[in-house]
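Peer 1: need coordinates for the following:
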Amino acid sequence: MSEKLKFIVSDESEGMRIDSYLASLCPDLSRSYIKKLIDEDLVILNNSSVKPSLKVSEGDIAEIDVPELKIPDILPENIKIDVRYEDNDILIVYKPQNMVVHPAPGNYTGTLVNGLINYLDGKLSGINGVLRPGIVHRIDKDTSGLLVVCKNDIAHRFVAEQLKEHSVTRRYLAICCGNTDDEGTIDKPLARNKTDRKKMAIDPMGKNAVTHYKTLERFKGYSLIECRLETGRTHQIRVHMASAGHPILGDEVYGGYRKGFGTVGQTLHAWIIGLKRPSDGQYIEVRDEPPEYFRNILDKLRIQ
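Peer 2: Presented below is the predicted three-dimensional model:
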């Protein structure tokens, strides 16, 4: 059975190619796969067939019909895995921006999981199913930074319990639009957007979500902040900061796209992660400075 998705183009997305626009809203679908759907007339704009290069306008209605796909075997791939910590139970790895964490329809290769299967010869926890072996938590495709990976089911349950209890330390760096307060807490529940299932939204009936932030540096019209997650909902930091009037620079989905920065997705980096390791309960903490593209934007802001 196919899945039908419908999107209304916002003013921030006006002028984007339709294949790029849909790829930004459907992180589980690759741009090449979306082009294939367009070629098969499974994508329409305002009830008409389109070409991949067609540019969208505010108020356009884009619809995509995603066919049901059979799950293939997830194959190992010789993808470099940047390991920041490893023991017999877990890995803490660095995921670069523009890498998908695990396979999904239209995107079964080139993911972190493909590389992990190769690196660990398939020795990963199986609790999250065949598409997400070893994955106990995720970060978005266009978010860079640190992830915990579990090698066995006992470790997976141990780490998952810490996540459930909110005892895992997770700190992010982000460049936001506008000048943020010195510090603050955003306590707003989140749920799937009722009209766009690929997006999240503030919803009184949603799941509890709490983000603490503090401002590290201010620039002309922008701020560098550190966020500490109390909960870990999908797109939590992105939606919370946007709701406060400070979307993350580069975030085309939640209003942070700005010309002139050369961003490809949001400037958001998971830079500190800390947890008790399964083997002995000892707390360990790993940090990873933001990648070059992120540092280059900070340098550009500092000289404005």
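
Peer 1: give me every residue that touches residue 35.
Peer 2: For residue 35, the contact set (CB atoms under 8 Å, 6 or more residues apart in numbering) comprises 19, 52. Heads up, the C-betas are built off the backbone N, CA and C, glycines and all.

Peer 1: so where does residue 115 fall, helix or strand?
Peer 2: Using DSSP states H and E, residue 115 sits within helix 112-119.

Peer 1: and the closest residue to residue 44 other than its chain neighbours, how close does it get to residue 10?
Peer 2: Computed as CB to CB, 6 or more residues apart in numbering, the closest residue to residue 44 that is not its neighbour in sequence is residue 63, at 5.1 Å. Computed as CB to CB, to the nearest Å, the residue 63 to residue 10 distance reads 16 Å.

Peer 1: taking the centroid of this protein, which residue is nearest it?
Peer 2: Geometric centre of the chain, nearest residue: residue 140, 1.1 Å, by CA atoms, centre = their mean.

Peer 1: got a list of what the residue nearest to residue 44 touches?
Peer 2: Shown in contact with residue 63 (CB under 8 Å, 6+ apart): 4-7, 43-45.

Peer 1: which of these lies closest to residue 123?
Peer 2: Residue 123 lies nearest to residue 5 out of the contacts of residue 63, by CB to CB, at 35.9 Å.

Peer 1: who's in contact with that closest one?
Peer 2: By CB under 8 Å, 6+ apart, the contact set of residue 5 is 26, 63-64, 66, 197-198.

Peer 1: and for residue 197?
Peer 2: Residues near residue 197 by CB under 8 Å, 6+ apart: residue 5.

Peer 1: cool, and the one 5 residues further on?
Peer 2: Residues in contact with residue 202, defined by CB under 8 Å, 6+ apart, are 188-190, 239, 243.

Peer 1: let's see it at 7 Å
Peer 2: Taking CB atoms under 7 Å, 6 or more residues apart in numbering, we find residue 202 in contact with 188, 190, 239, 243.
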